[in-house]
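K.L.:
After the sequence you'll find the predicted model.
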2 protein chains.
Amino acid sequence: MNRVLIKNIPDRECLNEAADRYPAMDPDITEVYLHFLKVGSDVLSEIYDYLGQFGISGGRMSILMQLMKEDEGAIAPSELADRCGVTPATISGLVDGLIRTDHVERIVDPNDRRVQPVRLTKTGRERMEALLPGYIDLINRLFKVLNAEERASLLLILQKLQINLENKENGNEA
Amino acid sequence: MNRVLIKNIPDRECLNEAADRYPAMDPDITEVYLHFLKVGSDVLSEIYDYLGQFGISGGRMSILMQLMKEDEGAIAPSELADRCGVTPATISGLVDGLIRTDHVERIVDPNDRRVQPVRLTKTGRERMEALLPGYIDLINRLFKVLNAEERASLLLILQKLQINLENKENGNEA
DNA sequence: AAATTATATTATGGTACCTAATTATATGGC
DNA sequence: GCCATATAATTAGGTACCATAATATAATTT
């Protein structure tokens, strides 16, 4: 599941010591960074634990969520790869798994026979409908500890971080 | 690397539609949740990209960081497993990899010959010293986009989330 | 000394990714 | 219509992370 592999974040004293050894290190920033990774990792663990009870892994869930959104019914593997941010080869493997468990099926695209769009089976849709309420409840339990103001504040901060990340990707100027 | 596999977070309209179908779903909470996972995933990607340039994976970095902290020098595998929150078997594999690349070595524990404490080699320590300044710079670049107030606010929010997560783990009352 | 407990490793297996090679199909000159 | 090229998807092969179960070894308890 690739967790962060740090169960206990170093205390302030330890961070301050490290900052003494590495002048560029800011203990405040490092502390936020470590907590951020840890909480993210723990939230993911909760999510994966829940989904695991239904035999659904993270990667498979991503595909199933995309397919649930679609009223059209089917999505091409390349489109799934694009939306999920992975290679088509990865989608192939995930879809194979979902076919083995009868969640999805490959159909024929009459317009382009290279494409084998993927869609939910009846069983797959039923299982998703069974799984989603608990999924929603879990997310609520995890985040309802924050009040509306805190959630708004967090969202703003996340958006700032996101924009910064995107600039790094594209710009890449020194 | 186990990313979140959602490149584009659904817009508000899409979230509102979903909330219509699933009464328990709160679009605000869901939006924060999705952004949180996405930013966490992207931050991790940046980190792993950087470490990858040095041939260091996430799991290996966790062990190396623990060993860097230790002035004593060596840590037992069981202790590493405990600190990292994984099984001893996982540590065995990671340590094997680090030994192959001459980052760490297993030594003899005179007090308990079952234990084979792990410590940095000279080479391993040198490589870590070479890698850390860039690692610190990267973290700074990612988080310096937040001012001190925002960082403090984020830290507080993360701590709230963390406490909530820990209660779920232990308590587990309905 | 024998039984139990503790430590670590190995064996085995699943999931999530990737790149490169391959196969099948479309398409755009010519 | 035909060939070169481009595109879609899969397969092959590889790395990493992580778990459980079985095993070997050493320590401890009785």
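P.N.:
Structure received. Numbering: from 1, shown residues only, chains lettered A, B, ... in the order given.
K.L.:
Show me where chain A has its helices.
P.N.:
Taking DSSP state H as the criterion, chain A contains helices spanning A:12-21, A:27-52, A:58-69, A:77-84, A:88-100, A:122-143, A:148-170.
K.L.:
What parts of chain A come near DNA strand C?
P.N.:
Chain A has residues A:57-60, A:62, A:85-87, A:89-90, A:93-94, A:97, A:112-114 near DNA strand C, with proximity defined as Cβ under 7 Å from any atom of the strand. Every C-beta, even on glycine, is put in place using the N, C-alpha and C of the backbone.
K.L.:
Name the pair among those residues with the greatest separation in space.
P.N.:
A:58 and A:113 (31.5 Å; Cβ to Cβ).
K.L.:
Which one's more surrounded, the two?
P.N.:
Between residue A:58 and residue A:113, counted using other Cβ atoms under 10 Å in any protein chain shown, residue A:58 has the larger neighbour count: 19 against 8.
K.L.:
Excluding chain neighbours, what is closest to residue A:103?
P.N.:
Counting by Cβ to Cβ, 6 or more residues apart in numbering or on different chains, residue A:124 is the residue found nearest to residue A:103 once chain neighbours are left out, at 3.7 Å.
K.L.:
which residues does that neighbour contact?
P.N.:
A:64, A:67, A:98, A:102-104 (Cβ atoms under 8 Å, 6 or more residues apart in numbering or on different chains).
K.L.:
Return a PyMOL selection command for the buried portion of the residues you listed.
P.N.:
Only the buried entries of the contacts of residue A:124 go into this PyMOL selection, using 16 or more other Cβ atoms under 10 Å in any protein chain shown:
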select buried, chain A and resi 64+67+98+103+104
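K.L.:
ok, and the closest non-adjacent residue to the residue of chain A found nearest DNA strand D?
P.N.:
For chain A and DNA strand D, the shortest gap (Cβ to the nearest atom of the strand) falls at residue A:78, measuring 2.6 Å. Distances taken as Cβ to Cβ, 6+ apart put residue A:88 closest to residue A:78, at 5.6 Å, once the chain neighbours are dropped.
K.L.:
what about that neighbour, neighbour count?
P.N.:
13.
K.L.:
so it touches residue A:81, yeah?
P.N.:
Yes - with contact defined as Cβ atoms under 8 Å, residue A:88 counts as touching residue A:81 (4.5 Å).
K.L.:
hang on, the earlier thing: how close does the residue nearest to residue A:103 get to residue A:56?
P.N.:
Using Cβ to Cβ, to the nearest Å, we find residue A:124 at a distance of 10 Å from residue A:56.
K.L.:
Need the residues touching each of those two.
P.N.:
residue A:64.
K.L.:
Identify all contacting residues around stretch A:45-63.
P.N.:
In contact with stretch A:45-63 (Cβ under 8 Å, 6+ apart) are residues A:1, A:3, A:44, A:64, A:80, A:84, A:86, A:90-91, A:94-95, A:97-98, A:101, A:103-104, A:118, A:127, A:130-131, A:134-135, A:138-139, A:142, B:2, B:4-6, B:165, B:168.
K.L.:
where does chain A dip in pLDDT?
P.N.:
For chain A, applying pLDDT under 70 flags the ranges A:1-5, A:70-72, A:169-174.
K.L.:
Centroid-wise, who is the farthest residue in it?
P.N.:
The centre of chain A is farthest from one residue, residue A:20, which by Cα atoms, centre = their mean lies 35.9 Å away.
K.L.:
Where does chain A get nearest to DNA strand C, residue-wise?
P.N.:
Counting by Cβ to the nearest atom of the strand, chain A gets nearest DNA strand C through residue A:57, at 2.5 Å.
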